[in-house]
Structure formats: C-alpha cells, structure tokens
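**Student:** 3D model of this:
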Amino acid sequence: MSTIRTHNLGFSRMGAKRELKFALESFWSGKTNQQQLAQTAREVRAHNWKAQQSAEIDLIPSNDFSFYDQMLDTCALVGAVPARFEWSGGLVGLDTYFAMARGVAAKESDLYGEGCDCHTTATTALEMTKWFDTNYHYLVPELSGEQEFRLASNKPVEEFEEALALGITTVPVLIGPVTFLLLSKSTTTDFDCLSLLPQLLPVYGAIARQLSEKGAQWIQWDEPALCLDLQDNARAALEQTYAYLREAAPNVKFLLNTYFGDLRDNLATACALPVDALHIDAVRAANELPRVLEPLPSNMQLSVGVVDGRNIWRNDFDASLALLNEAKAAIGAERLLVSPSCSLLHSPVSLKHETKLDAELKNWLAFSEEKLSEVAQLGRLVSGNESKEDAAALLENRAAIASRRSSGRIHQDAVKIRSANVQERDSQRQSAFETRRALQQQRLQLPLFPTTTIGSFPQTAEVRAARSHFKRGELALDAYETFLEAETRKVIQWQEEAGLDVPVHGEFERNDMVEYFGENLAGFAFTENGWVQSYGSRCVKPPIIFGDVYRPHPMTVRWSQFAQSLTAKPVKGMLTGPITILQWSFVRDDQPRHETARQIALALRDEVSDLETAGLAIIQIDEPALREGLPLRRDDWQAYLNWAVEAFRIASSSVRDETQIHTHMCYCEFDDILDSIAALDADVISIETSRSNMELLGSFAQFSYPNDIGPGVWDIHSPRVPSTDEMLTLLRAAVKVVPKERLWVNPDCGLKTRGWAEVAPALANLVSAAKTARETL
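**Tutor:** Take a look at the predicted model:
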C-alpha cells in the first residue's frame, strides 16, 4: 500500500517568540552587528526545518525565510534595484536590501561596516501594498523599459545548502517570474512589466540550474497569479516561462504552487505547463477539485491543500478525507500530495506556547506546528497506513469538531435578532455631504489645510512597560490609569504647542488597533504568542472571533472624553472599522463573513453614538483593510463590496450632520473601487500617498471624489524625517488635482511604531508645510 506524501509550502520567519523581529530591530538600531543578525536567522531556519522534519513532512521548503519580504528577496535575486539606491553592482548586500525596504536618511556604514554599497543621500523606500487578500504587505518592485536583470543573490542556493548540512534535502521556493512581473510597478508611462519576461528568464534559468547542480530534487514555483483574472498574454507568458525553465533545468522536478483562490479559466493553462506537480488551495476552492482532476495530465502529481494555512481552526478530518479520497480514487495514491492550503507564514507558530487559553477553545484550534501534524496524520489516514495513534486522533478530531458545533458560548440570540432587523435607514446619514460639510465647518472653524495625525503616537518603552506590568498584575488599575492620564495630557499639550489643528489622544491604552477592540467586545478570544508577520519586523497578534459579537460596555469613551477635556480644539475619537477588525482577526468559519461583519458594525455603532454624546465632534473609523478583503476575481467583487460598505455605514450613520466622520486607508490600490470608497460617505478620508508622490490622488481627481481628502505627506514606515520642502512639494502636487478647500494634511499612517526623535521634527515640518501652503497655494 502506497504511503501518500506530504508537502509544506512555507513557514513563519519570525520564530516562535519573534526572535527575528527583535534581532532585526536591534540591528537597525545599531545595537548588534550583521553577524549577530545572521546567526539569529540561521537558528530560526534550523528550528523551522527540524520542526517540519519531526512532523514527518516529506517536501520541506527552503528559501521561504526572509529578512523582510519574499518579493524584495526576488528583487535582490534578479538585481531589480532602482537607481536611487546607488547599488554598486555585484551581489545585493543587506545595506541596499534594507534601504529598498525602509528608505535611508544618510550614509549608514556604521551598521554595515567598511566596503558596503551605502547611500549618501536621503532615499525613499519601495512602495508597500497588500499581498493578495491577506494582511501581509509586500514591497512593490519598480521596473522600467530599460530594466536589466542579473543574478545578484545566492540566497536560494545558500539556504538549500544550509539545510543540506543539517541532513535535510529541501524544496527551494521561488516567486514565479510571471507573478513577480504582474505584481511589479512600471516606472514609465504605458509600459507593461510583463514585456520584460525575455530579459528575466535567463536569470531564473541560471538559478534553477544552480539548484539542480547542488542536488535539489524539487523546485517550488509560487504562481498565485494563476488565481487572478488573467489576460491571454499572461497565460502565454506562463507557457513561455515554464517551457524555458524546463529546458534550462531538465533534471529537477517542478512543483507549481497556486493559492488563495481557484483556477477557473486558468485551469487549462496550469494543467498544460511542463511541471511535475500542481498545488491547489482546496480550502478557498474546495468545489474546484473535481474540475482539476479531470484535465490533470497522467504524469502530473497533485498537491491538495486541505489544511487551512490562513486561519487557526482545527481541521475537520472527515471533510478533508472526503476530498483526499476523491482525489486518490481519481489519480492514485502515488500522484497525491497532502498539504496546507498556502504557506504557514499566515498562521502563528505553535499552540504549545499558549498557557492562558481555556481548554475548550484551545481544543478547537491549530497553529502552524499543529497544522503540520494534521497534514501528516491526514496523509497516513488517506493512505490507509494509519497507526493506532492516528485512528485515535481521528476520533479525537471528530469529538473536537462536534464540541465546537454544539457549544453554547458561540451563539447569542439577541445579537442575531438585532442583526436580522437592520433596515436600510440604519446605513444612511441624515443629509448629503455638502449640507453636512457646511454645518461641520461652522462648528469646527478649521483653517485651510487643517492638520491632524492618523491616531496613535509613539508607544515608548515606558508605555509598553506600564501596560506589561498592568497585565501581569504588577500595577494596580488606578495607578495604570493615572499613568495613562499623564501620557495623554503630555501628548495633548505637545500637539497644541506644535500647532496641530485636530489633536488625538495618542492611544496609549491600546496595544493594537484590532486587539484592543477585540478585548472589549464579546465573542473574541486572545493568545499570548499568536503572532504573524505583517511586514518587515512588524508582527500582529490577531484576535480570534469565535462567537457572536456585541459590545458589553463603552470601549474608547473614557480616554477620548478625558483628552477633549484638556483642550478647546476638537479631539478626534479613534475607532477601528468593522471590515478591518474582521480582516485582521482569525474569523469563525461557521457562519458567513458578512454576518460577522454586521455584528461588529452594530457594536461600533453603539460606540460612535456614545462618543458623540460625550462631546466628540470628529470620529475616525479606520478601514485600511477594506480593499484587502476583495475576492481575487472581479466577478466576485460587488457582492463583497455591498456588504462591506453597508457595515461601515451601519457603524457611522447614527450621528448628527454636525459630527464629522473620518476614515483612513493605507497601502493598497484604490483605483478600481473608488465608487465603493465614495459610497462609504465618510466626510474625510486620509490615504497613503507619500511613497507614490501623490500618484493616487490623480485617481481620486479623475473619479471626482466628492468628499474631503487627507493625502499622506510623511511615510511613517520609513525612519527618515521628510523636510518641510518635501511635504510642501507633495501638497503642491495635491492642489493640482484636488481643490485646496477639500485637502487635509496628515501622515500616511499612525505613529505608534516611530520614536519621538522622528515624530517631533516630522510633525513640526508637517505643520510648517501646511502653514506655508495656506499662505502660498
């Protein structure tokens, strides 16, 4: 009886306790050197490989590790370094690599040592945007018609050899050439990055040959673009790519990875490519399995991703075995691979570090290491080679699934009734925007180019320490609140002295813009170490939405009202929107997502009403994740946008016309959903625009976006402090496409991750730029 093999697509880079995060931040701050950073990286990789080996995974990935981002790794690999980074050629070093990721303020040889290809002038980073429909951010490659590619990194080969030295033959993972080009940005007008494929393929061919020569038996090519709407030229590019690569490296097997959706009209293309195995996401596209089995060539293996790599719920073995047995019956055990749906990058590392989750809830969950065990157990079960332990695990799995379905803690009748009774009027403001705008200006008396921030201020070591002491029971509630009041008082005073027109309270009581609200809403649970990477060293710990959601008590009124009592200026109340809370949580999978979104929206509606009653004249409801929730296929967009827009409007529409509603969005493309953004009917929207030099505003202008806009003039994801002149240049660009009466001035995003040494001068420059704009524009 054949044993069905198992396959993992990728693993967390940060480490179980975020070891890489802390190593990166120590290195960036100059506290440690490059050798120490490299040592931490080796330890993380070794742990990951050994964990997968111990779980009895057959095809274990390498080159899934990254110091920052896999698309940035690919830029380094193929030498796609924009000229402004002053790369000297040769291999791309960490100095250039991190410069592309974070920007630079000046020469940084103190970090990298003598001989680095360092930078002598301030340089902006590559743009960031969301990786498909996840909360992971990737760096967007910048390509031009004159682009030259060269092999400029040994990373895939070095990490393959590193694993080999540990006795593990891995499967090197590479972003496929077509996905790389489709996700890149053209730096010249009317230029299609896909036209660069002939220049790019020789570099990829050289990589494939090197890996084959070093002993790689498989190469995993990640082409998630196959789950997008593709034009014929993209399909032709895929055919050209894999024909070329097959010829370049005939002695190594190719595993073509697709994930996050179904193949649909790209299925025939995928099955016709000269690859040895095809991976499909059978979680997001379970219904497509029969369509895949029919055209699958007889010499092609199939990796069926039945374990959810993006959520934390325990796998339903019976449901997965039904799919796997269907595949086994159609193609045979020898051609079947069992796998997660996508890379486990999007899942926390291990449940063994969770000591505070209650036993019932913990029994419903599976993190990355547990998912590896599920993959291995499913492989043995579908093979028919299960041990007594596997048979017992199947029975235990069934009991856990039944326990979750029948648990009384999940369903709340009052919540379901309220949601079912929502009427259209509940998502409508009282008057049109122009009427509201006049009333709001009469109340607020703001100048042209009003200045504000997006919400949070630096979470200093003192703030984090106080919160940690409080959570551990080492600081009493009254002492903690006294500390928070002092911090709030200081930041309000600082903003008044700096001249900001609309201050915020600083959010010192909040750990995370989603976790904080989840802690104050029913239906949520929290982990101690459930961290996942968002970008670079930035990790988030998503809440778990396990049951019906409602608001037991006010969440933000205490601190917003206190801040407003300290100043005559209008303090902006700060909330996270329903779609962002949904997208940035691990969401229950036992009811439609739109129903969970509506429940969250109703809870926020209560909070918005209470903030208005408490005297707040401006309330911001952040929705940075609105676009990332879009389905990958355009045919599916409108259904999602309808319920997503409705959720925002339910949350925001209970207020009077005189109360101004803001929203904030960052790091995504808006062009094709501007009608839905306008339909949110927020009085003011603040957006990320600094990295793209206000390019996005052109889309808003062409669309004739009707409401007020705050284009970001400071990229807070980079440590560099932009000058007043830089910000003023951006504002000059803005007034060319948006009437100055409709413009606000603000950073791109919140300031929590920045230090005061950067925040103070940057905001001083921002206020100065706005003042000059009032006088000259």
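
**Student:** State the distance from Ala773 to Asp708.
**Tutor:** Distance, Ala773 to Asp708, by C-beta to C-beta, to the nearest Å: 15 Å. Placement of C-beta: from N, CA and C, glycine included.

**Student:** And for Gln638?
**Tutor:** 26 Å.

**Student:** just Leu183 next, same as before
**Tutor:** Taken as C-beta to C-beta, the span from Leu183 to Asp708 is 32 Å.

**Student:** next one: Glu239
**Tutor:** Here Glu239 is placed at a distance of 48 Å from Asp708 (C-beta to C-beta).

**Student:** Counting neighbours, go ahead and name the busier of those two.
**Tutor:** Neighbours were counted for Glu239 and for Asp708 using other C-beta atoms under 10 Å; Asp708 has more, 22 against 14.

**Student:** Tell me where the stretch 201-350 of the chain has strands.
**Tutor:** Using DSSP state E, counting those that start in this stretch, the strands found in the stretch 201-350 of the chain span residues 218-222, 253-257, 277-281, 301-307, 336-340.

**Student:** so what's the spatially closest residue to Cys271 that is not a sequence neighbour up against?
**Tutor:** Spatial nearest neighbour of Cys271, chain neighbours left out: Pro295 (4.7 Å); criterion: C-beta to C-beta, 6 or more residues apart in numbering. With contact set as C-beta atoms under 8 Å, 6 or more residues apart in numbering, Pro295 has these partners: Leu267, Ala268, Cys271.

**Student:** Which single one of these is nearest to Gly698?
**Tutor:** Gly698 has its nearest neighbour among the contacts of Pro295 in Leu267, at 36.6 Å by C-beta to C-beta.

**Student:** Tell me, how many residues neighbour that closest one?
**Tutor:** Applying other C-beta under 10 Å, we find 20 residues neighbouring Leu267.

**Student:** Ala285 versus that one, what's the distance?
**Tutor:** 10 Å.

**Student:** now do Val157
**Tutor:** From Val157 to Ala285 the distance is 33 Å (C-beta to C-beta).

**Student:** and what of Ser609?
**Tutor:** As judged by C-beta to C-beta, Ser609 and Ala285 stand 41 Å apart.

**Student:** So for the two, which sits in the more crowded spot?
**Tutor:** Taking neighbours as other C-beta under 10 Å, Ser609 and Ala285 compare with Ala285 leading, 21 against 15.

**Student:** Quick check: phi and psi at the more buried one.
**Tutor:** In terms of degrees, to the nearest 10, the main-chain angles of Ala285 are phi -140, psi 50.

**Student:** just Tyr535 next, same as before
**Tutor:** phi -160, psi 150.

**Student:** so who does the residue lying closest to it once chain neighbours are set aside touch?
**Tutor:** Leaving aside its sequence neighbours, Tyr535 sits nearest to His137 (C-beta to C-beta, 6+ apart; 3.7 Å). Neighbouring residues of His137 by C-beta under 8 Å, 6+ apart: Asp69, Met128, Thr129, Lys130, Trp131, Ser534, Tyr535, Tyr667.

**Student:** Check Ser186 too.
**Tutor:** With C-beta under 8 Å, 6+ apart, Ser186 has these contacts: Leu143, Ser144, Asp192, Cys193.

**Student:** And the pLDDT at the third one?
**Tutor:** Predicted confidence (pLDDT) for Asp192: 93.

**Student:** Count the residues that sit near it.
**Tutor:** The tally of other residues near Asp192 (other C-beta under 10 Å) stands at 14.

**Student:** Got the phi and psi for it?
**Tutor:** Dihedral angles (degrees, to the nearest 10) for Asp192: phi -100, psi 120.

**Student:** Need the per-residue pLDDT for the nearest residue to Trp494 once chain neighbours are set aside.
**Tutor:** Residue nearest to Trp494 in three dimensions, not counting chain neighbours: Ala760, with 8.0 Å by C-beta to C-beta, 6+ apart. You'll see Ala760 listed with a pLDDT of 96.

**Student:** Show me which parts of the helix or strand Ala760 falls within are buried, residue by residue.
**Tutor:** Assigned by DSSP states H and E, Ala760 falls within helix 756-776. Buried residues in helix 756-776, defined by neighbour count with 16 or more other C-beta atoms under 10 Å: 758-759, 762-763, 765-773.

**Student:** mind putting the residues you listed in TSV, distance to Ala476 included?
**Tutor:** Output for those, formatted as TSV (distance: C-beta to C-beta, whole Å):
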residue	distance to Ala476
Glu758	33
Val759	30
Ala762	36
Leu763	33
Asn765	40
Leu766	38
Val767	38
Ser768	42
Ala769	44
Ala770	42
Lys771	44
Thr772	48
Ala773	47
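
**Student:** List just the nearest of these to Thr596.
**Tutor:** Nearest member of the buried residues of helix 756-776 to Thr596, counting by C-beta to C-beta, is Val759, at 35.3 Å.

**Student:** I'd like the next helix or strand past the least confident helix or strand in the chain by mean pLDDT.
**Tutor:** Lowest by mean pLDDT, DSSP states H and E among the helices and strands of the chain is helix 109-112, with a mean of 43. Using DSSP H and E, the helix or strand that follows helix 109-112 in sequence is strand 128-130.
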